[in-house]
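Trainee: Generate coordinates for the sequence data below:
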Amino acid sequence: MKFRRYSFVVANCHTGGERRFTLPLWPVLGGVAAVFALPVLVGLGARWSVRSELRDLKATAIALRMENDSYRDATGQLAEQITTLQGAVDEIGINAAVDPAASRAMDRLPAAVKNRAMGGGSGAPSPSSSVATSPDTAFDVLRDLLGVIEDRLELVRSGVERRQVLAAATPSIWPVTGWLSSPYGGRRDPFTGQNDFHPGLDISAEQGEAVRAPADGTVASAGASGNYGNLLVLDHGFGIVTRYGHLSRFAVSPGQQVKRGDVIAYVGTTGRSTSPHLHYEILMNGQLTNPLRLLAQR
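Mentor: Take a look at the predicted model:
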């Protein structure tokens, strides 16, 4: 393909010499066009680069928004857990209180009875110490820590509930209104005059005076029993049993559940008795115990 050519003559005014340059038209025009097109191409390239960066920034913004939403959800869950734990703490504080008399009596219970009631069990494992190197790790550590706290609170709540049940089952009030006519332990037998061991308390009272349960329990038996006369036995659980002798009549029947303060029988003088009174015994794991250890002051 032949290109149209143009010649340029350059003359030296002093020497008169000339120099001729011959150039093809289209290649020259192409070069000129390339020179002018270069800035345009550079601008287009820069624009494309900016668009690419904008796309990357948009993608990063979307990822950050999703991550932020995830953290917001996680924070909301942690806040809800904290609120739940605070409610549990408040509940434990309310439920931890027990009747002062029952609490004092419960403190005097034998260790075997307390251990049987409260049970064993170790606390929740302590969280391992770690350094949070990222928000995700921090949230994981907080979740684990809150889980451990929840476990500990559950153990504490369970312990408080068992303590309440034990307090309710501890005989802490006088079963009848009267006066102490014969204490627990050694005494002189009122019939023979011989030295004798008295396994409970004799509380003198009027015939037909109401006898009340000194603690929550279940009626184990109610009927005639030799020297005891009409005998009522309450099982309070945890190895605690109480007996009530010389009754005139019963107000409850075997298997019945009773609460502290409920009327369970009436004072009499049945069996080996010289006058109306209540014979009152407490057994701990089958062993006789002085009821005065647990009774609140009259």
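Trainee: going forward, measure contacts between C-alpha atoms and count neighbours the same way
Mentor: OK.
Trainee: mind listing the strands for the stretch 51-200 of the chain?
Mentor: Along the stretch 51-200 of the chain, the segments classed as strands by DSSP state E, counting those that start in this stretch run 179-182, 185-188, 195-198.
Trainee: SS state for Val252?
Mentor: Each residue gets one of three states, and Val252 gets coil by DSSP: H, G, I helix; E, B strand; the rest coil.
Trainee: Identify the residues contacting stretch 260-274?
Mentor: For stretch 260-274, the external contacting residues (Cα atoms under 8 Å, 6 or more residues apart in numbering) are 168, 190, 205-216, 225-230, 232, 246-252, 258, 275-278.
Trainee: circling back: format the strands of the stretch 51-200 of the chain as a markdown table; extra columns: distance to His236.
Mentor: A markdown table is the format used below for the strands of the stretch 51-200 of the chain (distance: least, Cα to Cα, whole Å):
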| stretch | distance to His236 |
| --- | --- |
| strand 179-182 | 24 |
| strand 185-188 | 23 |
| strand 195-198 | 22 |
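Trainee: Least confident of the ones you listed, on average?
Mentor: Within the strands of the stretch 51-200 of the chain, the stretch with the lowest mean pLDDT is strand 185-188, showing a mean of 82.
Trainee: Sheet partners, orientation included, of it?
Mentor: Taking DSSP bridges as the criterion, strand 185-188 forms sheet pairs with strand 195-198 (antiparallel).
Trainee: Which strands and helices lie in contact with the helix or strand that the strand it pairs with is followed by?
Mentor: Heading C-terminal from strand 195-198, the first helix or strand you meet, by DSSP states H and E, is strand 201-204. Taking 3 or more Cα pairs under 8 Å, 6 or more residues apart in numbering; DSSP states H and E as the contact definition, the neighbouring helices and strands of strand 201-204 are strand 179-182, strand 277-284.
Trainee: sorry, back to before: report the buried members of the contacts of stretch 260-274.
Mentor: Buried residues within these, counting neighbours by 16 or more other Cα atoms under 10 Å: 168, 205-216, 228-230, 232, 246-250, 252, 258, 276-278.
Trainee: which stretch among the strands of the stretch 51-200 of the chain comes nearest Arg104?
Mentor: strand 179-182 (20.9 Å; Cα to Cα).
Trainee: just to revisit the earlier point, of the buried ones among the contacts of stretch 260-274, which belong to helices?
Mentor: Filtering these for membership in helices, criterion DSSP state H, returns Ala168.
Trainee: Which of the buried ones among the contacts of stretch 260-274 fall within strands?
Mentor: Cross-referencing the buried ones among the contacts of stretch 260-274 against strands under DSSP state E gives 210-212, 230, 232, 246-250, 258, 277-278.
Trainee: Could you export the strands of the stretch 51-200 of the chain as a markdown table, including mean neighbour count and distance to Gly159?
Mentor: Conversion of the strands of the stretch 51-200 of the chain to a markdown table gives the following (neighbours: other Cα atoms under 10 Å; distance: least, Cα to Cα, whole Å):
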| stretch | mean neighbour count | distance to Gly159 |
| --- | --- | --- |
| strand 179-182 | 14 | 36 |
| strand 185-188 | 13 | 35 |
| strand 195-198 | 14 | 36 |
